[in-house]
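> Build me a model:
(one chain, ligands or ions: 1)
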Amino acid sequence: MGSGTFKVLTRNTALINARAGADIRIVQVGARRDNPAADTRGVAVTRDVFEVARNPEVDVLVELIGGTTTARELVLEAIRHGKHVVTANKALIAEHGNEIFATARASGVMVAFEGAVAGGIPIVKTLREGLGANHIEWLAGIINGTTNYILTAMAEEGKSFAEALAEARARGYAEADPTFDVEGIDAAHKLVILAALAFGVPLAFDRVYTEGIGRLSLEDVAYARELGFRIKHLAIARQGERGVELRVHPTLIPENCLIAEVDGVMNAVMVKGDAVGPTLFYGAGAGDEPTASAVVADIIDVARALNVPPEARVPYLAFAEEGVNGRPILSIEEVETAYYLRLEVVDKPGVLSQVASIMSDRGISIEAIIQKRPREGASHVPLILLTNQAREATLMGAVREIEALPAVVGEVARIRVETLDG
Ligand SMILES: NC(=O)c1ccc[n+]([C@@H]2O[C@H](COP(=O)([O-])OP(=O)(O)OC[C@H]3O[C@@H](n4cnc5c(N)ncnc54)[C@H](OP(=O)(O)O)[C@@H]3O)[C@@H](O)[C@H]2O)c1
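Numbers count the residues shown, from 1 in each chain. The predicted model follows:
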């Protein structure tokens, strides 16, 4: 990221300065070693990044080293020295943002983080400025390119999760250790940032329900398609009467929904505002120059906003103790969604009615059913159900009861469904 930002800043200097209404100059670069991707001749380079944070010539520190340990210390040190900060570090903002913003507010400096969510898509600015008039009802995003690449390879090429992950690694779209991406942690980092901006809730990374894509089977991808859905790894934040939902999980979405067509490493975020209605933002979610586009936009903003009163320089997050008007962040058990369920059942009459009666006893209605013929030589058959909206705790109670039926084999596969139209 550092080299991409350096390149964009040096390539488009005149344009950037004109837009910022200021001369933006790279005073000093902090790097542990020379980077062949950036020609830093003519710029002071230090091997100690903390020197930049203390350099009296520097007005804005741009943190692009990643991680949450040194990066946190570096950013706080810069703030203490009166520097504004630009960062693309989602883990840092999601986990330490409350502390960083409070320190920045006390010091009257800005902290900008457009690059931290969805790379080049200006979604932070959209929420803070473009949609500033709206009561945001919900947002839903494909905000991790690695998982979207894997899901696309599963859906379009019939690759298994393991094969698709290996391909993502070979193409450089997945890290050697892909845990952060496939388990949904990276998406959860970004989601809390979006939710904080949209709803004014404090950054609450530990309150996000997070489910990865590792357990998704090709079978479910195919059945979802048969029912007119695509499976995407969605990050969802919703503000309702009962509270705020924060969740990242595989989700069935109708195939005619635009976001269902976002494939490969691309990112997209849908935002529903009460005045504007549904909106969709699409673009590259990662990469040196797309992210540099966001980082440099922040630098321009900081330069422009230096005349703004200090208290308006960091996002206003905590309206209440927790959530807007004190509304709580809901646990996943309290969330209501529709569900896709896949059961393996013994091929005998009566099973469907047993399952249906468990559902109706709990007030869960069934929207669609697919019952397959037995596979060659198999004694059990897949039974696929789409339910209407139900509370997770109620649904899970029904699932446990269904799993205990003698005619049901193994665990019930369960994927949440979102129509994204309300
Ligand atoms: N890559 C993307 O597409 C993307 C998109 C959005 C946001 N981001 C965010 O941008 C940040 C950087 O990501 P990246 O992909 O550019 O990571 P990266 O390729 O690992 O680059 C990090 C750079 O920082 C240097 N560094 C780390 N610790 C340092 C220290 N203590 N002192 C001096 N230099 C140090 C590393 O040097 P060494 O080579 O010596 O380790 C490396 O050159 C992360 O917070 C990431 O989440 C990245």
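> what's the neighbour count on the residue in the stretch 201-350 of the chain positioned nearest to the ligand?
The stretch 201-350 of the chain approaches the ligand most closely through residue 286 (3.2 Å), counting by CB to the nearest ligand atom. Heads up, the C-betas are built off the backbone N, CA and C, glycines and all. Residue 286 has 19 neighbours, counted by other CB atoms under 10 Å.
> check contacts around it.
Residues in contact with residue 286, defined by CB atoms under 8 Å, 6 or more residues apart in numbering, are 119, 145, 265, 267.
> Can I get the residues you listed in a markdown table including secondary structure?
Formatted as a markdown table, the contacts of residue 286 follow (DSSP: H, G, I helix; E, B strand; the rest coil):
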| residue | secondary structure |
| --- | --- |
| 119 | coil |
| 145 | helix |
| 265 | coil |
| 267 | strand |
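> which of these has the most neighbours?
residue 119 (28 neighbours).
> Tell me where the chain is predicted with low confidence.
Applying pLDDT under 70 to the chain picks out residues 307-326.
> how about the residues of it near the ligand?
Applying CB under 6 Å from any ligand atom, we find that the chain lies next to the ligand at 1-2, 30-33, 49, 64-66, 70, 88-90, 115, 119, 286-287, 291.
> Among those residues, which lie within helices?
2, 49, 70, 90, 291 (DSSP state H).
> For residue 231, state which of those is nearest.
Taking CB to CB as the measure, residue 90 is the one of those closest to residue 231, at 23.8 Å.
> measure the residue of the stretch 201-350 of the chain closest to the ligand to residue 174 for me?
Distance, residue 286 to residue 174, using CB to CB, to the nearest Å: 11 Å.
> again, but for residue 100
Distance from residue 100 to residue 174, by CB to CB: 29 Å.
> Which parts of the stretch 251-400 of the chain are strands?
With DSSP state E, counting those that start in this stretch as the criterion, the stretch 251-400 of the chain has strands at 266-273, 277-284, 336-346, 366-371, 380-387, 390-391.
> Find the centremost residue of this structure, please.
residue 187 (3.3 Å; CA atoms, centre = their mean).
> Show the contacting residues for it.
Taking CB under 8 Å, 6+ apart, one finds 141, 143, 144, 147, 181, 210, 233, 235, 248 in contact with residue 187.
> Could you find the closest non-adjacent residue to the third one?
Spatial nearest neighbour of residue 144, chain neighbours left out: residue 187 (4.5 Å); criterion: CB to CB, 6 or more residues apart in numbering.
> Tell me what angle the helix or strand hosting that neighbour forms with strand 266-273.
Assigned by DSSP states H and E, residue 187 belongs to helix 185-199. Angle, helix 185-199 to strand 266-273, by axes from the mean of the first three to the mean of the last three CA atoms, to 10 degrees: 30 degrees.
> Beyond helix 185-199, next helix or strand please.
strand 209-210.
> so what strands line up beside that following strand?
strand 244-254 (parallel) (DSSP bridges).
> got the angle between the strand it pairs with and strand 336-346?
50 degrees.
> Between strand 380-387 and strand 244-254, find me the angle.
120 degrees.
> Output strand 244-254 as CSV - backbone C-alpha positions only.
Provided in CSV are the C-alpha atoms of strand 244-254 (Å, rounded to 0.1, in the frame of the first residue of the first chain):
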residue,chain,number,x,y,z
VAL,A,244,-28.7,-3.3,15.9
GLU,A,245,-27.7,-6.4,14.0
LEU,A,246,-24.0,-6.9,13.1
ARG,A,247,-23.3,-10.2,11.3
VAL,A,248,-21.1,-11.8,8.7
HIS,A,249,-22.1,-15.1,7.2
PRO,A,250,-22.8,-17.0,4.0
THR,A,251,-26.2,-15.7,2.7
LEU,A,252,-28.7,-16.7,0.0
ILE,A,253,-29.6,-13.7,-2.0
PRO,A,254,-32.1,-13.6,-4.9
